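Chemist: no sequence for this one, just the structure:
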């Protein structure tokens with residue numbers, strides 16, 4: 001890397017931050033907690049895949065990650081007064097709890113905030129207000145907290161319902177491959193993001209891609225490469241432990257950094 005991140009930020013006019021799965025502490029937390037083993041195995045059986053998002057919600061509801069919080073705060077401090085927009089492929093909105101503005105952020109893959117039915121035209125429901133869903137979350141939490149995650153033989157979980165319709169978290173994910181994703185929650189902010197993108201044309205733009213995987217390449221990874229290619233004044237900083245490579249066409253406009261992006265953010269914020 002030719003410069004410190006603070007130097008790239010200082011030299012740019014506008015910033016787009018892309019947040020990826022290296023910041024997904026929920027997935028890594030569940031995988032590292034033996035109490036969830038039985039529940040995860042249950043959710044991997046055919047027909048039970050719908051339960052995994054509920055496990056993730058329960059974990060996020062009752063836990064937090066201080067390192068991730070610290071990294072978001074550090075990133076926000078690094079950005080300072082520069083104009084920015086944040087786009088994330090995650091479902092949890094930690095950035096909004098650590099200094100980033102909701103009107104300057106977009107989560108196109110969905111969040112944990114809303115539930116939807118299989119009918120994408122039905123209105124979304126605020127997750128904590130739906131009793132049937134929260135009763136299911138309470139059941140999962142009781143198994144974790146009181147039974148150390150041990151499932152009784154023949155234990156079953158029933159899908160939550162509202163007005164006779166099955167409910168699912170409003171998320172675009174593999175476990176919901178047979179459900180049409182209701183896009184209504186993120187589209188207003190997506191429109192603002194598209195407007196912001198038009199303002200970056202011809203500007204000194206920093207594309208800061210942190211820990212973005214190939215799960216949703218059309219959301220951040222490929223669009224960032226396209227913008228870097230088209231905008232002669234753009235510079236892409238791509239940070240990932242494994243997926244740090246860039247395309248040859250933008251090699252002179254890209255820093256590819258082989259490092260965990262959370263660690264990188266904390267490292268670059270030292271001394272500020």
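Modeler: Received it, and whenever you're ready, just let me know what you need. Being a predicted model, the structure only gives us computed values, none of them experimental.

Chemist: for residue 236, which residues make a bridge with it?
Modeler: residue 207, residue 254 (DSSP bridges).

Chemist: Just to check, it is in contact with residue 210?
Modeler: No: applying CB atoms under 8 Å as the test, residue 236 and residue 210 come out as separate, 11.6 Å apart. (Glycine included, C-beta is placed from N, CA and C.)

Chemist: so after the strand or helix carrying residue 114, what's the next helix or strand?
Modeler: Here residue 114 sits within strand 110-116, counting by DSSP states H and E. As assigned by DSSP H and E, the chain's next helix or strand after strand 110-116 is strand 125-126.

Chemist: Check which helices and strands that following strand sits against.
Modeler: In terms of contacts (3 or more CB pairs under 8 Å, 6 or more residues apart in numbering; DSSP states H and E), strand 125-126 is packed against strand 110-116.

Chemist: can you give me the offset of the strand it packs on from its chain's centre?
Modeler: 12 Å (CA atoms, centre = their mean, to the nearest Å).

Chemist: quick one: strands adjacent to it?
Modeler: Counting by DSSP bridges, strand 110-116 is paired with strand 125-126 (antiparallel), strand 168-171 (antiparallel).

Chemist: And the pLDDT at the residue nearest to the spatial centre of the chain?
Modeler: Central residue of the chain (CA atoms, centre = their mean): residue 90, 1.1 Å from the mean position. Looking at residue 90, its pLDDT stands at 97.

Chemist: what do you get for residue 202?
Modeler: At residue 202, pLDDT is 88.

Chemist: do residue 272 as well
Modeler: pLDDT recorded at residue 272 is 55.

Chemist: got it, and residue 222?
Modeler: Looking at residue 222, the pLDDT reads 95.

Chemist: What strand or helix carries it?
Modeler: helix 221-230.

Chemist: for residue 181, same thing?
Modeler: Under the assignment here (DSSP H and E), residue 181 is part of no helix and no strand.
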